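>>> Fold the following and give me the result.
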Amino acid sequence: MRSLSALLPLLSRLITLSAMVILVGILPWLAGGDPALALLRARSGDQEATPEALEAIRHSLGLHLGPDALLWHWLQNLLQGDAGNSWISGMPVLPGMLQATAVSLTLMGCALLVALLLLALICLPVMRAGLAGVARRPSGTVAAALTALPEFLLAALLLLVGSVWLGWFPPFGWSGWHSAVLPALALGIPAGGLLGRLFSDALSASFQEKWVLSWQTAGIPARSLALAAIKRTLPAMLPQLAMVLIGLTGGAIAVEKVFAIPGLGRATLGAAAASDLPALQTGMLILLLLGSAAGLTANLLQRLLLGPALKAGALPAPPPQSSGKSFAWWVPAGCLLLLLALIAAGLPRDAFSSDWLRLQPPSWSLPFGADAMGRDILARVAQGALHTCLQALLVTLCCLVTGILVGLFPRVMVGPIEVANATPAVIAGMVIAAINGPTAAGAVIAVIIVSWAPLAAHTAALVAEINAQPHVRMLPVLGVGPLRRAWRYVLPPMIAPLLRHAMLRLPGNALALAGLGFLGLGPQPPAADWGIVLAEGMPYIERAPWAVVAPALALIILSILAVTSASLSRKTRG
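Predicted structure coming up:
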């Protein structure tokens, strides 16, 4: 029985990976169209799609054999180290994809250093307070603001300042360490804000456990106590760190596009757009393998750090927290008032007519200025607030419920968790659009498909720790069944940290939805979604910065509102 339990994670990974490879392999046929026609248009848009030309393409690539035969042939060659030739260029796929993977891994390492530095800075006040015997849970305002910065907007700002104005770093390409500085900052700052918020929250809970007071009473040095608190906090954060690592690798498509970096995400996206099936299959396979490797490593390190405590059921239970009123209630109240004022001021205005001068600067009659088409930016941001916020809230709640349900069965669902996190939202959006066409509902489904995984991993880590606590281990002896144990003793202590985690991801979900719309995989322009407004203003950021300031500030305000609202009733007293 134990051997079967140990094999479940491996079987889950293999089954999920096989299912994803098969899905990618039959993708050109899922839309009900002709793959040969898509290839003909990608190769030569001017060539007439005659039956003879299409039949020639089918026979040259083996499309006439059907998706099952084509997939089987690709897998057989892959076992021999041959991923096939590109349908577009005719060159071998594997060498180029491996080179792109090396670039992405290097960029990921640099971005991780930035993220860890920000994590340390965010957690420093909590560490000092904990060593002084004061239980302090940060509001998360700074971390939320950092997490809310759109990566492609941050990349554009860094490109403008670091390359255009100062000339310190190259604006594009990949020629050395100096080419990684700006992209690493663009990727690492939002990731550091997310990790810093989660880790500071968990670190504060660790300092409230009874063993800390015992160590302080015994005169244990502050350095040893700090290291012990970090070691106590780290196991629950390792799955999130693994998720961020893969997110940095596979989800950096926007940053790689801004800086023209030949990375894996950009190469996979290009293959999907060009219907280059061998390149798309290889890129997806590498992304999925990286996700599985990161998840497996995180699980091994988690077991290593917790050690015998999991087996002995010796993990301490966190003390009950006070639900007193927070002194910082004005932060979410202020953010809510700002958003409501923005919506009230902008909704009566016309968001689609070009009544103003192109890129007209802000004035009393035009508070946020006009965009490149002469449209009122205030009206567009206000119109987008309703759609973007409501859709992002729906996605976040769905991801929270899905993450909790899936995370309760970590061994069985480890494969889907890692695969979902390793798949960028853009790729999921392309699959949905290929099957059902580009729609707003399709964008929502695509973001949900890939955004529940971090919450599921967080749930699994919390369940493992809660089940290892002595009072939970004693419940079966007292006649408490598994359902009652889960409902009364396992779920309640998880809800607060998972809710804060979900709210921290709400702005990212909003940006992912709008980004899919801008790429033609969701709501179409001229829709007034925040991401579309941001992307439309990016080319003019140097000469008309007001085109991006308003939607960026709105997204930051939404992030701070979400995080501080979730933390209001969780403040602790020392």
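
>>> Let me see the backbone angles for Ala370.
Dihedral pair for Ala370: phi -120, psi 160, per degrees, to the nearest 10.

>>> whoops, I mixed them up, Asp376
Dihedral angles of Asp376 (phi, psi; degrees, to the nearest 10) stand at phi -70, psi 120.

>>> And the pLDDT for it?
pLDDT, the model's per-residue confidence, is 90 for Asp376.

>>> With the one 3 residues further on instead?
Looking at Ala379, its pLDDT is 89.

>>> again with Thr572
In this model, Thr572 is scored at 39, pLDDT.

>>> Show me the helices in the stretch 451-574 of the chain, by range?
For the stretch 451-574 of the chain, the helices defined by DSSP state H, counting those that start in this stretch cover 453-467, 470-473, 482-485, 491-518, 530-537, 546-567.

>>> Nearest to Gly403, out of those helices?
Closest approach to Gly403 among these (Cβ to Cβ): helix 453-467, 2.8 Å. Any C-beta I mention is one placed from the backbone N, CA and C, and that applies to glycine too.

>>> list the helices and strands that closest one packs on?
If you count contacts as 3 or more Cβ pairs under 8 Å, 6 or more residues apart in numbering; DSSP states H and E, helix 453-467 packs onto helix 222-250, helix 277-306, helix 377-407, helix 410-422, helix 491-518.

>>> So what's the residue count around Arg543?
Residues lying near Arg543 (other Cβ atoms under 10 Å) number 8.

>>> residue contacts, the closest residue to it other than its chain neighbours?
With sequence-adjacent residues excluded and distances taken as Cβ to Cβ, 6 or more residues apart in numbering, Arg543 is closest to Leu359, at 7.1 Å. Counting by Cβ atoms under 8 Å, 6 or more residues apart in numbering, Leu359 makes contact with 369-372, 540, 543-544, 547.

>>> Any idea how far stretch 339-349 is from the middle of the chain?
Between the centre of stretch 339-349 and the centre of its chain there are 29 Å (Cα atoms, centre = their mean, to the nearest Å).

>>> What average pLDDT does it get?
When pLDDT is averaged along stretch 339-349, the result is 88.

>>> Pull out the buried positions in that stretch.
Across stretch 339-349, burial judged by 16 or more other Cβ atoms under 10 Å covers 339, 342-343, 346, 349.

>>> Could I get those residues in JSON lines, plus columns for distance to Arg128 and secondary structure?
Formatted as JSON lines, the buried residues of stretch 339-349 follow (distance: Cβ to Cβ, whole Å; DSSP: H, G, I helix; E, B strand; the rest coil):
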{"residue": "Leu339", "distance to Arg128": "33", "secondary structure": "helix"}
{"residue": "Leu342", "distance to Arg128": "37", "secondary structure": "helix"}
{"residue": "Ile343", "distance to Arg128": "40", "secondary structure": "helix"}
{"residue": "Gly346", "distance to Arg128": "43", "secondary structure": "helix"}
{"residue": "Arg349", "distance to Arg128": "48", "secondary structure": "coil"}
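
>>> just curious, which of those is nearest to Val426?
Val426 lies nearest to Leu339 out of these, by Cβ to Cβ, at 27.5 Å.

>>> That closest one against Leu555, yeah?
No - contact criterion Cβ atoms under 8 Å: Leu339 and Leu555 do not qualify, at 10.7 Å.

>>> Now for the two: what residues contact both?
With Cβ under 8 Å, 6+ apart applied, the contact sets of Leu339 and Leu555 do not overlap.

>>> which ones are touching Leu107?
Counting by Cβ under 8 Å, 6+ apart, Leu107 makes contact with 180, 183-184, 187, 248, 252, 256, 261, 263.

>>> From Leu245, how far off is Ala528?
Ala528 sits 35 Å away from Leu245, going by Cβ to Cβ, to the nearest Å.

>>> worst-scoring helix or strand of this structure, pLDDT-wise?
Least confident element among the helices and strands of the chain, by mean pLDDT, DSSP states H and E: helix 308-312 (a mean of 57).

>>> what about the longest helix in the chain?
If you go by DSSP state H, the chain has its longest helix at helix 93-131.

>>> I'd like the distance from the helix or strand just after that one to the chain centre, please.
Counting by DSSP states H and E, the element after helix 93-131 in chain order, helix or strand, is helix 141-147. Here helix 141-147 is found 15 Å from its chain centre; the criterion is Cα atoms, centre = their mean.

>>> Quick one: residues in contact with helix 141-147.
Helix 141-147 is touched from outside by 118, 122, 189-190, 192-194, 196-197, 200, 331, 504, 507-508, 556, 559-560, 562-564, with contacts defined as Cβ under 8 Å, 6+ apart.

>>> ok so, going back, with mean neighbour count and mean pLDDT added, can I get the helices of the stretch 451-574 of the chain in TSV?
Shown next, in TSV, are the helices of the stretch 451-574 of the chain (neighbours: other Cβ atoms under 10 Å; pLDDT from 0 to 100):
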stretch	mean neighbour count	mean pLDDT
helix 453-467	24	81
helix 470-473	14	74
helix 482-485	12	74
helix 491-518	23	78
helix 530-537	26	77
helix 546-567	24	76
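
>>> would you turn the ones you listed into CSV with distance to Trp87?
Formatted as CSV, the helices of the stretch 451-574 of the chain follow (distance: least, Cβ to Cβ, whole Å):
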stretch, distance to Trp87
helix 453-467, 30
helix 470-473, 55
helix 482-485, 51
helix 491-518, 25
helix 530-537, 29
helix 546-567, 37
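
>>> and of those helices, who's closest to Leu288?
So among those, helix 453-467 is nearest, using Cβ to Cβ, at 12.4 Å.

>>> which residues of the stretch 51-200 of the chain score low on pLDDT?
By pLDDT under 70, the low-scoring segments of the stretch 51-200 of the chain are 135-141, 144, 148-150.

>>> Who wins on neighbours among the contacts of Leu107?
Counting neighbours by other Cβ under 10 Å, Leu187 comes out on top of the contacts of Leu107 with 30 neighbours.
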